[in-house]
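Chemist: Would you be able to build a 3D model of this:
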Amino acid sequence: MDAMTSFLASCRIRIDPEQIYFLKFILEGYDNLTIMSTVDRTEGVVELKYPPELEQDVRQVLQSMAQRLKLEYLDN
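Modeler: This next block holds a predicted model:
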């Protein structure tokens with residue numbers, strides 16, 4: 001792990017697999033909010049990494065799309 005990612009908070013979520021590209025597109029619109037990685041494409045599991053001070057912003061963005069994404073937090 002490099003020095004930059006060791007200072008990032010993270011969360012794993014499960015979403016509708018068909019919505020992975022939509023979520024990535026939306027998050028890219030928020031410059032430097034998160035780094036998104038797909039963990040399991042078939043299950044719709046993704047991991048988001050972000051600066052700890054932006055956690056509330058990340059959660060608000062996710063909450064605004066929760067119903068469409070069929071979002072489920074896998075940790076925290």
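Chemist: Could you state which residue of the chain sits nearest its centroid?
Modeler: The chain has Leu48 as the residue nearest its centroid, 3.6 Å off, counting by C-alpha atoms, centre = their mean.
Chemist: so what's Glu43 up against?
Modeler: Taking C-beta atoms under 8 Å, 6 or more residues apart in numbering as the contact definition, Glu43 lies against 14, 17. All C-beta atoms are positioned from the backbone trio N, CA, C, and that covers glycine.
Chemist: Look up how far Val58 lies from it.
Modeler: For Glu43, the distance to Val58 equals 21 Å [C-beta to C-beta, to the nearest Å].
Chemist: Same question for Thr34.
Modeler: 6 Å.
Chemist: residue ranges of the helices in this protein, please?
Modeler: Ranges of helices in the chain, per DSSP state H, are 20-29, 55-69.
Chemist: for this structure, what are the low-confidence residue spans?
Modeler: 1-6, 76 (pLDDT under 70).
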